[in-house]
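Trainee: Output the structure for:
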Amino acid sequence: VALVLLGLLSLSGLDAIQRIPKVQVYSRHPPEDGKPNYLNCYVSGFHPPQIEIELLKNGEKMKSEQSDLSFSKDWSFYLLSHAEFTPNSKD
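Mentor: The predicted model follows:
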C-alpha cells in the first residue's frame with residue numbers, strides 16, 4: 001500500500017514540470033506552384049501533454065491529420081500534424 005501511495009505522489013508531481021514545445025514546420029517536397037504537396041508540423045519536447053495544433057493557410061484552418069501522442073525517455077511528448085496543400089504564387 002505504501003508503494004502505491006508513493007507512486008501516486010510521484011505521478012502527481014509530474015504536472016509541475018512545464019516544457020515549452022519546439023515547433024518545426026516544413027513541406028514534404030520543395031514547393032512548386034500548382035503542384036500538390038504536404039505541410040508537416042512536428043511538435044516535440046513539451047509537457048504536460050495537453051496541446052492543440054491547427055495548421056492555417058492564408059489565415060484559414062486546413063484539414064489536417066495528426067499522429068498519436070508519443071513520449072520520449074525524458075517524459076516529454078511529441079507528435080506530427082500534416083495537411084495536403086497545393087502552393088500557389090499568392091501564398
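
Trainee: Now Arg19. Its backbone dihedrals?
Mentor: Arg19 has phi and psi values of phi -130, psi 130 when expressed as degrees, to the nearest 10.

Trainee: distance of the residue lying closest to it once chain neighbours are set aside from Arg28?
Mentor: Spatially, and ignoring its direct neighbours in sequence, Arg19 is nearest to His47 (4.3 Å; CB to CB, 6 or more residues apart in numbering). For every residue, glycine as well, the C-beta is placed using N, CA and C. From His47 across to Arg28, the span is 28 Å (CB to CB, to the nearest Å).

Trainee: Over to Lys61?
Mentor: From Lys61 to Arg28 the distance is 20 Å (CB to CB).

Trainee: where along the chain do the helices fall?
Mentor: In the chain, the segments counted as helices under DSSP state H are 2-12.

Trainee: where does it dip in pLDDT?
Mentor: Scanning the chain for pLDDT under 70 picks out 1-16.

Trainee: between His47 and Arg28, which one's more packed in?
Mentor: Legend: neighbour count by other CB atoms under 10 Å for His47 and Arg28, higher for His47 (20 against 12).
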